[in-house]
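*Asks:* for reference, the sequence and a predicted model appear below.
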Amino acid sequence: MKILASGLPLLILLFVSSCGQFIDGVVTSAISADESEVVAADIAKPMPGDPHGIMTELQPELPGDRERADNLAAEIKQGIARYRDIELAQGDGYEFFPADPPPHMHIVHLVNQQYAKDEADGFDPSRPGSLLYERTHDGQGWKLIGAMITAPVTATVQDLNARVPLSQVRYHLHRNICVPKPIWDSKAWARVDDRGQPVFGPESPITTEAECAAEDGRLLETVFGWMAHAYVYADDPADTWNQMYGH
């Protein structure tokens, strides 16, 4: 019994550690995929000024494309109108991502985890996985600006086009993102390098597995899947499908 008792703390530590590693693996697997799974990569190019992003090129316009995109924008605008009150959005399960947006972040996402999961099977204009808000001019509040449309990395060109015409919008995909281990380590997320840049996340200069490993991190080849922003509450209607809005 004394031997068992003396070894118990170590067994507990090993159990907790292995559980933590398992959960960390589940979380990262749920939000990431290998780049080899990106089916529609052939119509995408690197995003300007963003080492972590690729963006689809505009495809030839087909009859009905513009009308279909306009109708979708109108449906989204009507579907999310109630969320101009950000407290209603939070009451319906939308949460800031990141949880504490830094002052320089002009546009933020509020994510509903369940709606985001459901979106893998199709987009519902009244239940988007992510809402988009921009800071008010005084910097003290948030104004609803639109919603995000997503699709899995395994989506084909035809799948993406079915959600929003590829002649009207350019989808983007985040890739080569270095994240801490475990991924929920808030202290690690707050780390910055000698130049004041984040060590982890989409604003980090790290893009290779070797650089990430040197920071005791894990490089995710892609995260979250294809995304397209619909700025249905932009002041200028021309910005509705402008993916560089706010950049």
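*Replies:* Nice, I can see it.

*Asks:* CA atoms for contacts and neighbours, from now on please.
*Replies:* Fine.

*Asks:* now for Pro110: which residues touch it?
*Replies:* That one is not Pro; residue 110 is Leu. Going by C-alpha atoms under 8 Å, 6 or more residues apart in numbering, Leu110 touches Tyr94, Glu95, Phe96, Phe97, Ser130, Leu131, Leu132, Tyr133.

*Asks:* next, format these as CSV and append neighbour count, secondary structure and pLDDT.
*Replies:* Supplementary listing: the contacts of Leu110 in CSV, determined by neighbours: other C-alpha atoms under 10 Å; DSSP: H, G, I helix; E, B strand; the rest coil; pLDDT from 0 to 100:
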residue, neighbour count, secondary structure, pLDDT
Tyr94, 22, coil, 96
Glu95, 17, strand, 94
Phe96, 17, strand, 91
Phe97, 13, strand, 82
Ser130, 25, strand, 96
Leu131, 27, strand, 98
Leu132, 22, strand, 98
Tyr133, 24, strand, 97
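
*Asks:* ok, for Thr240, nearest residue in space, not its chain neighbours?
*Replies:* Using C-alpha to C-alpha, 6 or more residues apart in numbering and skipping residues adjacent in sequence, the residue nearest Thr240 is Tyr231, 4.4 Å away.

*Asks:* what ranges does this protein have for its helices?
*Replies:* Along the chain, counting by DSSP state H, helices occupy 2-31, 65-79, 86-91, 113-118, 157-163, 186-189, 209-214.

*Asks:* tell me the mean pLDDT over the shortest one?
*Replies:* Spelled out, it's helix 186-189. Throughout helix 186-189, pLDDT has a mean value of 86.

*Asks:* now do it: which elements does it pack against?
*Replies:* Secondary-structure packing of helix 186-189 (3 or more C-alpha pairs under 8 Å, 6 or more residues apart in numbering; DSSP states H and E): strand 172-180.

*Asks:* what about Ile76, how many neighbours?
*Replies:* Applying other C-alpha atoms under 10 Å, we find 24 other residues in the vicinity of Ile76.
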